[in-house]
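Colleague: Structure of the sequence below:
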Amino acid sequence: MYKPRRSALYMPAANARAMEKAQSIDADVLLLDLEDAVAVDQKQQARESLAYALNTHDYGRREKIVRINSLSSQWGLDDLKLLRELRFDGLLLPKLETVEQINEALALLDRQIPIWAMIETPAAVINVEQLAAHSAMEALVMGTNDLAKEMRVAQSETRDEFQYAFGKVIMAARAHNCDVLDGVYNQLDNQAGLAAICQQGKGLGFDGKTLIHPKQIPACHQAFSPSDAAIAEAREIIAAWQQADQQGVIVVNNKLVEALHVQEAQRIVDMQAVIDAAAETQ
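Modeller: Okay, the predicted model is just below:
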C-alpha cells in the first residue's frame, strides 16, 4: 500500500521547540536527527529531547524516522541504547555501506524495525543493490551534500554529476520494492529553484524529497503528488478499460492503452486517495 513520503523534513532533536512544533507541520515524514543537525556538545541533550518528544508529543499520521549517529562514531551505540525503549517508525542509518552494518544496528537495537539508508558515499552507491535487498530495508535516502564531497565535485543546478548515482539507487529501490528519496536543496530562499529540482527528482523516479525547512514542503508536495490532469486521465483510462471488458489494447485520447497503463493509472488513483485521506486527519 502506498505511503505518502513526498516530504521528509530533518528535525534537529536537540531543538525542543522544533520537536514540539513538528506536531503541526505538514510533512509526511519527520527525520528526527541525532546526527548532522546536532552539535557535538549537544548529543546527550538531543537524546533526552528526543525521548521526551516521542513519549509525550502526538505526531499524528507523520512517520517518525530517527537518524542516529554512525556506529563507527563515539555516539552511535548510546543512540541505539536509548532507542530500545522508545516507539518510532524507522531507523535511518547514516554512512551506510554494508549489509553487516544493518545487521549490527538491528542486533544492538534488539528488535526488528524498518531500516532507512543514507546513500551518501561512493561505497554506498556501489553496494546499493545489496543494501536494498535486505529484508528490513524500507527506504533509500540520497545524501547529496556528503556524496558531492566524497566525489570531489561541486553541486550544479542540473545535477549531472549525480546521474550515475541517482540511476543506480533508483533502480535498486524499484528492484527491491523500497521507496527512494531525493537529497536536500540547500537554497532556502530560491523557491523557483526548489520547484525545478523537485520536478526533476519526480521525473527521475524519486518518491519524495528530504527537506531542511518547513517552507520547502508546499513545492515538494506539489511535485510529488499526482496533478489534477494526471488523476483525470487515470480515471478515464480505468473507466475505458472496464468498459472494454479489460481485454487487449484500447485507445484513449488517441493513445494506445494496455494492461500496464491501467495498472499505472490505478496506482495514481490509489495514491491520491491515500493523500486525500491523510489530509483529512491533519
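Colleague: For this protein, give me the ranges with low pLDDT.
Modeller: Where the chain drops to pLDDT under 70, the residues are 246, 282.
Colleague: centroid residue for it?
Modeller: L181 (3.9 Å; C-alpha atoms, centre = their mean).
Colleague: So what sits opposite that residue in the bridge?
Modeller: Partner residues in beta bridges with L181, using DSSP bridges, are V141, G208.
Colleague: how many other residues sit next to H176?
Modeller: Neighbourhood size, H176 [other C-beta atoms under 10 Å]: 17. Quick note: C-beta positions are derived from backbone N, CA and C, even for glycine.
Colleague: Same check on Q191?
Modeller: One way to gauge burial is a neighbour count; for Q191, by other C-beta under 10 Å, it gives 13.
Colleague: Quick one: residues contacting it.
Modeller: Contacts were defined as C-beta atoms under 8 Å, 6 or more residues apart in numbering; by that measure Q191 touches A219.
Colleague: Make 12 the starting number, not 1.
Modeller: OK, 12 is where the count begins now, so the last one is Q202.
Colleague: any idea how far Q233 is from it?
Modeller: Taking C-beta to C-beta, to the nearest Å as the measure, Q202 and Q233 are separated by 11 Å.
Colleague: correct me, but the residue nearest to the centre of the chain touches K220?
Modeller: Yes: if you go by C-beta atoms under 8 Å, L192 and K220 touch, sitting 6.1 Å apart.
Colleague: Need the overlap of contacts for these two.
Modeller: Common neighbours of L192 and K220 (criterion: C-beta under 8 Å, 6+ apart): A19.
Colleague: May I have the phi/psi pair for T132?
Modeller: Geometry field for T132 lists phi and psi as phi -140, psi 160, criterion degrees, to the nearest 10.
Colleague: scratch that, T109
Modeller: Geometry field for T109 lists phi and psi as phi -140, psi 160, criterion degrees, to the nearest 10.
Colleague: can you pull the contacts of it?
Modeller: N138, Q141, L142.
Colleague: JSON lines please, covering the residues you listed and showing secondary structure.
Modeller: Supplementary listing: these in JSON lines, determined by DSSP: H, G, I helix; E, B strand; the rest coil:
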{"residue": "N138", "secondary structure": "coil"}
{"residue": "Q141", "secondary structure": "helix"}
{"residue": "L142", "secondary structure": "helix"}
